[in-house]
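Asks: can you look at this prediction? I've put the sequence above it.
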Amino acid sequence: MLTVKNVEVVYNDVIQVLRGVSLTVEKGRITALLGANGAGKTTLLRAVSGLLDIHDGEVTKGQIELGGRAIHGWQPAKIVSAGLGQVLEGRRVFAEFTVEENLRIGGHTRRGGLNDSIEEIYQLFPVLKERRRRTAGYLSGGEQQMLAMGRALMADPQVLLLDEPSLGLAPRMVQQIKDLVVKVNQERGTTVLLVEQNAMMALSIAHHGYVMEQGKIVMDDDAEKLMDNEDIRDFYLGRGELSTSYRNLKHYKRRKRWLS
Amino acid sequence: MTTFAQAVLSGTAQGAIYALLALGFVIIYKATHVISFAQPALMVIGGLFSYHFSAVMGWPFWPSLFVAILLGAGLGMLIERLALRQMVGKSVFTMAVITIGVDVVLRVLANRYIGADSRVMRYPGGGERYEFLGLAISHRQLTILAVTLITVVSLALFFRYAKAGLAMRATALSQETALAQGVRVGAIFALAWAIAGGLAAIAGTFIATGSGGSEQDTWIIALKALPAIIIGGLDSLQGAVIGGLAVGIVEQLTAVYQSTYLPFLGTNFSLVAPYALMLVVLLIRPYGLFGTREVERV
């Protein structure tokens, strides 16, 4: 559905952030993209959704295809119309808009049927319906995340990019958001690319996972296999032997790098 | 008392023109974060469009105004496309200076057209005046008030309900998020300039129908919109309207009373009065009367 081939991204003409990234997001599935801070996850999403321009970034190499069509170099509006939605990191709801206005702007590329779509979103996230006339900036973090997801779904995307939906949310809320991502994937058949720092949450719902480090994909496998992978358990899940005992740990092993 | 009420009424009519200009400034500022110093030229040229159609080509008043609004909007879009679109992402100060350049160029062209005499546009209502409760209002002033009211209300409805209006507000809040929703931000910039150009053309037309007409230094009138937007709070549409009216009223009141009560300030102090009001407002409320406070969750 979404294919990224050997993409390189440079900011400000000099700072190379992605160094030949390739990944495939298969139709109807949830794909997780893991990585530490600064690995280039958000940059990869920006490259896909065409938002690099305003950050003075540029795809210098490689190809990005959505449903077989090369979309790299397209304007963001065209990419959204082609069926790719993005929920930005930090939710970014329009704080001064009402909930409903936020949803309406999400359907900006649509020609009609806005009210029906809004109703669908309300069924998916009933709490938003209760708050429809409220100012979005005063919603709780979890509600804002739902609003951001609902807003992206208003354009009826085939592929949804989610950038850290669990960021700054309480554990219970993370659980709820997680269930909602699964629900969106199953009920609407939306393909999801999920970027997360919360690896446990991401791998528990994903079908496939990629691990990114310093601008490269360093590992990819089925989500279940990644969960069992010893290094992933150690460094991303905090579940390996390291989390219980540091006795056998040699100092150079403490933070594994696949690249040096 | 009658003198006072009369001054307020005339001031409101004049202030309505400032309000239209101020709205243009604010709409461009909100969409692009640039203060457009090209508004004076847009105003003068908009007025000249109307003048040309009605006085030279003999069209009736309203069609002239209508076509002038369209041409003013087109000119605004042209400026945005040719001079500013290339500079998106550059510093706001750079872009503001570019608008000064555009303003100078357009004003030279306009002054070529105007020549040495003032170009007075004939107003269809003539010098007709209406009286009520001892107050006099001219047909022209009444029209200005009506046109401004209609314009402001339609703008408010546009921003509240229209798809493009919503997209403009979204762009003003966050360009990146608007882009991610599929809003074509470039088109929004063009639209902002078009609206500002149209508003300036309305203002210019009514100034051209005034006693002074359009002459070489008519553009200075548009600068009155600066204290208006600062009083109102730079990013507020209602602030622009209220600021514009306040400037008009203060100016008129000073013109009427200052020579009696504060004669030592000399003649023509009314020209300075709006700026004095601006300073006072800035001292009390640095963000202007209606400048937005951020929505914050506590």
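Replies: On my side now, so go ahead.

Asks: quick one: low-confidence parts of the stretch 101-250 of chain A?
Replies: Screening the stretch 101-250 of chain A residue by residue with the criterion pLDDT under 70, one finds the ranges A:239-250.

Asks: that one: helices as residue ranges?
Replies: Under the criterion DSSP state H, counting those that start in this stretch, the stretch 101-250 of chain A contains helices at A:114-124, A:126-130, A:141-153, A:171-187, A:199-205, A:223-228, A:230-232, A:241-244.

Asks: ok but A:Gly62 is inside a strand, no?
Replies: Yes. A:Gly62 forms part of a strand when assessed by DSSP: H, G, I helix; E, B strand; the rest coil.

Asks: which helix or strand contains the nearest residue to it once chain neighbours are set aside?
Replies: By the measure of C-beta to C-beta, 6 or more residues apart in numbering or on different chains, the closest residue to A:Gly62 outside its immediate chain neighbours is A:Val7, 3.5 Å from it. (Each C-beta comes from the backbone N, C-alpha and C, glycine too.) Counting by DSSP states H and E, the element that carries A:Val7 is strand A:2-11.

Asks: just give me the neighbour total for B:His139.
Replies: Number of residues near B:His139 (other C-beta atoms under 10 Å in any protein chain shown) recorded here: 15.

Asks: would you verify that A:Gly20 is located in a strand?
Replies: Yes. Read with three-state DSSP, A:Gly20 is one of the residues of a strand.

Asks: now for the closest residue to it other than its chain neighbours, how many residues are close by?
Replies: Counting by C-beta to C-beta, 6+ apart, the nearest residue to A:Gly20 once its immediate chain neighbours are dropped is A:Asn6, at 5.0 Å. Summarising burial for A:Asn6: neighbours were counted as other C-beta under 10 Å, giving 12.

Asks: try A:Ile15
Replies: 10.

Asks: quick check: phi and psi on it?
Replies: Main-chain dihedrals, A:Ile15, degrees, to the nearest 10: phi -90, psi 110.

Asks: can you check the pLDDT for it?
Replies: As summarised for this prediction, A:Ile15 has a pLDDT of 92.

Asks: measure it to chain B for me?
Replies: Distance of A:Ile15 to chain B, computed by C-beta to the nearest C-beta, to the nearest Å: 17 Å.

Asks: swap in A:Ala82?
Replies: Distance, A:Ala82 to chain B, using C-beta to the nearest C-beta: 10 Å.

Asks: quick check: closest non-adjacent residue to that residue.
Replies: A:Leu66 (5.8 Å).

Asks: cool, and B:Phe53?
Replies: Closest residue to B:Phe53 apart from its sequence neighbours, by C-beta to C-beta, 6+ apart: B:Ser64 at 3.7 Å.

Asks: my guess is that neighbour is in a strand, correct?
Replies: No. Judged by three-state DSSP, B:Ser64 forms no part of a strand; its state is helix.

Asks: for it, grab the count of nearby residues.
Replies: 21.

Asks: list the contacts of it.
Replies: B:Ser64 is in contact with B:49-50, B:53-54, B:205, counting by C-beta atoms under 8 Å, 6 or more residues apart in numbering or on different chains.

Asks: for B:Ala201, see how far away it is.
Replies: Plainly put, B:Ser64 is 10 Å away from B:Ala201 if you go by C-beta to C-beta, to the nearest Å.

Asks: tell me the residues that contact both of these two, please.
Replies: Between them, B:Ser64 and B:Ala201 share these contacting residues under C-beta under 8 Å, 6+ apart: B:49-50.

Asks: contact partners for the residue nearest the centre of chain A?
Replies: For chain A, the residue lying nearest the average C-alpha position, counting by C-alpha atoms, centre = their mean, turns out to be A:Leu162 (2.5 Å). Applying C-beta under 8 Å, 6+ apart to A:Leu162 gives the contacts A:87, A:149, A:181, A:192-195.

Asks: isn't A:Asn6 up against A:Thr60?
Replies: No. A:Asn6 is beyond contact range of A:Thr60, at 11.0 Å (criterion: C-beta atoms under 8 Å).

Asks: and the helix or strand harbouring B:Thr254, what's buried?
Replies: Applying DSSP H and E as the criterion places B:Thr254 in helix B:237-261. By neighbour count with 16 or more other C-beta atoms under 10 Å in any protein chain shown, helix B:237-261 contains the buried residues B:237, B:239-256, B:258.

Asks: other SSEs contacting the helix or strand of chain B with the lowest mean pLDDT?
Replies: Across the helices and strands of chain B, mean pLDDT, DSSP states H and E gives its lowest value to strand B:129-132, namely a mean of 82. Strand B:129-132 sits against strand B:135-138, helix B:139-161, with contacts defined as 3 or more C-beta pairs under 8 Å, 6 or more residues apart in numbering or on different chains; DSSP states H and E.

Asks: out of these, nearest to chain A?
Replies: Judged by C-beta to the nearest C-beta, the one of the helices and strands packed on strand B:129-132 that comes nearest to chain A is helix B:139-161, at 9.1 Å.

Asks: what residues does chain A put near chain B?
Replies: Where proximity means C-beta under 8 Å from any C-beta of the partner chain, the interface of chain A facing chain B comprises A:49-51, A:54, A:56, A:75-77, A:79-81, A:86, A:88, A:92, A:94-97, A:101, A:104-106, A:108-109, A:135, A:137-140, A:151-152, A:155.

Asks: what's in contact with stretch A:2-14?
Replies: So stretch A:2-14 is contacted by A:16-25, A:40, A:43-44, A:46-48, A:52, A:55-67, A:72, A:84, A:159, A:191, A:193 (C-beta under 8 Å, 6+ apart).

Asks: take these and keep only those in strands.
Replies: A:16-25, A:57-66, A:84, A:159, A:191, A:193 (DSSP state E).

Asks: separate out the buried members of those residues.
Replies: For these, a neighbour count by 16+ other C-beta under 10 Å gives the buried set as A:17-19, A:21, A:23, A:25, A:57-59, A:62, A:64, A:66, A:84, A:159, A:191, A:193.

Asks: between those, which is nearest chain B?
Replies: Comparing these against chain B with C-beta to the nearest C-beta places A:Leu84 closest, at 9.6 Å.

Asks: what sits closest to that closest one if chain neighbours are left out?
Replies: Closest residue to A:Leu84 apart from its sequence neighbours, by C-beta to C-beta, 6+ apart: A:Val159 at 5.0 Å.

Asks: the one you found against A:Leu193, yeah?
Replies: Yes. Look at A:Val159 against A:Leu193 with C-beta under 8 Å: they come within range, at 6.7 Å.

Asks: joint contacts of these two?
Replies: By C-beta under 8 Å, 6+ apart, A:Val159 and A:Leu193 have these common neighbours: A:2, A:25.

Asks: could you find the closest non-adjacent residue to residue 137?
Replies: No chain specified, so I'll use chain A. In this structure, A:Gly137 finds its nearest non-sequential neighbour in A:Ala95, 3.0 Å apart by C-beta to C-beta, 6+ apart.

Asks: actually, chain B is the one I wanted.
Replies: B:Tyr130 is the one closest to B:Ile137 (C-beta to C-beta, 6+ apart), at 5.5 Å.
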